[in-house]
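In: this one's sequence-less:
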Ligand SMILES: Cc1cc2nc3c(=O)[nH]c(=O)nc-3n(C[C@H](O)[C@H](O)[C@H](O)COP(=O)(O)OP(=O)(O)OC[C@H]3O[C@@H](n4cnc5c(N)ncnc54)[C@H](O)[C@@H]3O)c2cc1C
Ligand SMILES: NC(=O)c1ccc[n+]([C@@H]2O[C@H](COP(=O)([O-])OP(=O)(O)OC[C@H]3O[C@@H](n4cnc5c(N)ncnc54)[C@H](OP(=O)(O)O)[C@@H]3O)[C@@H](O)[C@H]2O)c1
């Protein structure tokens, strides 16, 4: 049965797969009468591309594994089932003075999804990836076996599953380390800067003293303004919650999917220019609630629908330190020349904290992430051009955002991919994995 | 701090309701048939803020245990302010048409067990002179339809039983809430294709919680089912019998 509600965030590719649910960690996998079809764990579908899809097979929806198990309030160690979302964890933990050690740009992802894509956040330079803060988890395989995996127990399984794209088995529960906070607020500074060189200057200067750093750039700016944008940096606030900073209400949504994309050259130009100029002063300091700071896009619940029924592509690359400045300039030039940018483009420096994961995406250097409406071949051609640059400097494309990189590129970027094959569950497969391991 | 008993505690709707009760700080007693699921729920609800969580495992078909399960709940919670009955099954209508045994069994799970539990609980609450009894019936009990009239008849029996019970207990200050969900995306309806009328168990639980707080008598959840059922109930039988609903 085709199930419209189990697609990926960017709505491309559209697949035909059967969905089944796993609601209890004590249950066995729902594989009865599956005629040997392959399956794939599914979290909350916040991956942009096909790592969460299994065309022609089964996806096992793990969102119902949503129970908390144990909390050590002294050390901030939480054990919960893998379908619990980061939103639920924050709702639970922030009032007790704890925050996620690492969070991606949306709180609507599950713990299982966060581990399987080894997600990163604005504090990568300080904290590394999500997987570094996962002390152990249970892995349930199609043969019914259950393994507790940690840095010292079933170590290889631990490493293959963190960033393992759901291929090694179903994570039923995980234990994660939180970090202490004094309030739900962030002391934030927003600095308007005028070109790429300034970005690197501010970013380097900020990474020492600021836990969270990121830049939102105007991807249509060209010439000596190339890479201009707003640099946002912040630390958890030491002051206790004051009532002046209200928790924002999340209740906007895009109720229907328009037949065509609402993001076009005109709206794009408008948005990027207005966004860049929304701040008059060069620098603004203030306190903000963690929700608008970490999750600005979550304020509009199904914003992905503005791209219409053809969907969109997200492109995220990581570029190694040695070449990042030149390569980033080249990539931004190619994008602005094509005029195909996105309404939110994010630029950030990655740090050098290693991840335990075999296939983890981040590398020391810089990363750029942006969306492109799906205009068919025109968009794919541009993405190929961006790949050329990424490839030429030994960078990588992020699997959790990808729906089209070539198998050659994947195998080049993720040299460990063959090692994964020893750990992949014989019943598990994904559209992504079949695509990037296909013989060319 | 409210003292709350939930029967059918592993149901998706009941679980989401229990989360809301836990956040409000209730002391909770859970009844369901699986011990392993009960222990998962107990850990979860304690972390979410429940003042205490006790569990008892029971298959609702064990009628002879109903009284003692209610008694132990009263004992472990030291009284009872609220009870929610949520267990149920969705019969295979076509199979029931070929088997009286199956029809009887479905009727038991969906109606008689609930009526038995209510018989014990009603006497407790009547004596206490306060509290709330909340039972999940269904919009299916509002009118019989060819596609699921065994289920509809059982839920309809519960609805009418509750109507009478409400009438009886009103003088004792006990509120009886008949909950009538429409289509809810839960394990019970896993095999149905989902459309615009479908609601999440989370949404439905919020609506039920509001109905409890607002001391409602009949709660269609989500609210628009009241109007859908109004229309469905108003179709004259001569026309209705020709429809394939
Ligand atoms: C607005 C937005 C902002 C984002 N920002 C960031 C960011 O800043 N940094 C970043 O790294 N990512 C970011 N992402 C991507 C997102 O964090 C990841 O794709 C995340 O993995 C999605 O989690 P999910 O629970 O939705 O899982 P899904 O997308 O459903 O699945 C992701 C993968 O996890 C596997 N999986 C899911 N559950 C389990 C389980 N129980 N056991 C084993 N495997 C499982 C699936 O098989 C799949 O391979 C963003 C996404 C959005 C929409
Ligand atoms: N989903 C809908 O669309 C919908 C619509 C209208 C009304 N309802 C009603 O809502 C209530 C909750 O259902 P749900 O949608 O949340 O479905 P659900 O998750 O499938 O819950 C059904 C529950 O009933 C329990 N149960 C069944 N037989 C039992 C027995 N013999 N003894 C003890 N427990 C038994 C099940 O226990 P186990 O976990 O042990 O199996 C399960 O917890 C039911 O009364 C249902 O009729 C649902």
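Out: Cool, the structure landed. Computed from a predicted structure; not experimentally measured. Ligands and ions are numbered 1, 2, ... in the order given.

In: for the rest of this, base every contact and every neighbour count on C-alpha atoms.
Out: Will do.

In: which helix or strand contains the residue of the stretch 151-300 of chain A at minimum distance from ligand 2?
Out: Distances from the stretch 151-300 of chain A to ligand 2, computed as Cα to the nearest ligand atom, single out residue A:172 as the nearest residue at 18.1 Å. The secondary structure element spanning residue A:172 is strand A:170-180 (assigned by DSSP states H and E).

In: who touches the residue of the stretch 151-300 of chain A closest to ligand 2 in this structure?
Out: In this structure, residue A:172 makes contact with A:25, A:65, A:81, A:82, A:83, A:112, A:137, A:138, A:139, A:140, judged by Cα atoms under 8 Å, 6 or more residues apart in numbering or on different chains.

In: hmm, back to that, centre of the chain to the strand holding residue A:172, how far?
Out: Centre-to-centre, strand A:170-180 and its host chain are 17 Å apart (Cα atoms, centre = their mean, to the nearest Å).

In: quick one: strands adjacent to the helix or strand just after that strand?
Out: Along the chain past strand A:170-180, the next helix or strand (assigned with DSSP H and E) turns out to be strand A:185-193. Partner strands and pairing direction for strand A:185-193 (DSSP bridges) are strand A:229-236 (antiparallel), strand A:283-289 (antiparallel).

In: how far does strand A:185-193 sit from the chain's center?
Out: For strand A:185-193, the distance between its averaged C-alpha position and the chain's averaged C-alpha position is 22 Å (Cα atoms, centre = their mean).

In: ok, residue 21 - how many residues close by?
Out: No chain specified, so I'll use chain A. With neighbours defined by other Cα atoms under 10 Å in any protein chain shown, the count for residue A:21 comes to 19.

In: that's the wrong chain, I meant chain B
Out: Residue B:21, neighbours per other Cα under 10 Å, totals 22.

In: can you tell me the SS state at it?
Out: helix (DSSP: H, G, I helix; E, B strand; the rest coil).

In: re earlier: what angle separates the strand holding residue A:172 from strand A:229-236?
Out: An angle of 80 degrees separates the directions of strand A:170-180 and strand A:229-236 when computed by axes from the mean of the first three to the mean of the last three Cα atoms, to 10 degrees.

In: residues contacting residue B:66?
Out: The contact partners of residue B:66, by Cα under 8 Å, 6+ apart, come to B:60, B:116, B:117, B:120.

In: now the host helix or strand of the second one: how far from the chain's centre is it?
Out: Assigning secondary structure by DSSP H and E places residue B:116 in helix B:113-128. Its chain's average C-alpha position is 14 Å from that of helix B:113-128, according to Cα atoms, centre = their mean.

In: what does the helix or strand that comes right after it contact?
Out: Using DSSP H and E, the next helix or strand after helix B:113-128 towards the C-terminus is strand B:131-136. Under the criterion Cα under 8 Å, 6+ apart, residues B:80-86, B:125, B:173-181, B:212 lie in contact with strand B:131-136.

In: which of those come close to ligand 2?
Out: The residues of these that also fall near ligand 2, by Cα under 6 Å from any ligand atom, are B:86, B:181.

In: and the contacts of strand B:131-136, which of them are in strands?
Out: In this view, the contacts of strand B:131-136 that belong to strands under DSSP state E are B:82, B:83, B:84, B:85, B:174, B:175, B:176, B:177, B:178, B:179, B:180, B:181.

In: what's the helix or strand that contains residue A:156 packed up against?
Out: Counting by DSSP H and E, the element that carries residue A:156 is helix A:155-161. If contacts are counted by 3 or more Cα pairs under 8 Å, 6 or more residues apart in numbering or on different chains; DSSP states H and E, helix A:155-161 sits against strand A:146-150.

In: please identify the buried residues of the strand it packs on?
Out: Along strand A:146-150, the positions that meet the burial threshold by neighbour count (16 or more other Cα atoms under 10 Å in any protein chain shown) are A:147, A:148, A:149, A:150.

In: for stretch A:431-440, same thing?
Out: For stretch A:431-440, a neighbour-count test (16+ other Cα under 10 Å) marks A:431, A:432, A:433, A:435, A:436 as buried.

In: helix, strand or coil for the residue of chain B found nearest chain A?
Out: Residue nearest to chain A within chain B (Cα to the nearest Cα): residue B:44, separated by 4.6 Å. When classified by three-state DSSP, residue B:44 comes out as helix.

In: got a list of what it touches?
Out: For residue B:44, the set of contacting residues under the criterion of Cα under 8 Å, 6+ apart consists of A:67, A:68, A:69, A:70.

In: over to residue B:215?
Out: When contacts are counted by Cα under 8 Å, 6+ apart, residue B:215 is found next to B:175, B:177.

In: next, it: phi, psi?
Out: Geometry field for residue B:215 lists phi and psi as phi 50, psi 40, criterion degrees, to the nearest 10.

In: equivalent analysis for residue A:319, please.
Out: For residue A:319, the backbone dihedrals are phi -120, psi 130 (criterion: degrees, to the nearest 10).

In: now swap in the one 3 residues further on and tell me
Out: Backbone torsions of residue A:322, given as degrees, to the nearest 10, read phi -60, psi -30.

In: closest to the centroid, which residue in chain B?
Out: Nearest to the geometric centre of chain B sits residue B:136, at 2.4 Å (Cα atoms, centre = their mean).

In: what pLDDT is listed against that one?
Out: According to the per-residue confidence, residue B:136 scores 98 in pLDDT.

In: what residues sit buried inside stretch B:191-208?
Out: Those would be B:194, B:199, B:201, B:202, B:203, B:204, B:205, B:206, B:207, B:208, for stretch B:191-208 by 16+ other Cα under 10 Å.

In: just the endpoints, please. Distance across that stretch?
Out: For stretch B:191-208, the first-to-last residue distance is 24 Å (Cα to Cα, to the nearest Å).
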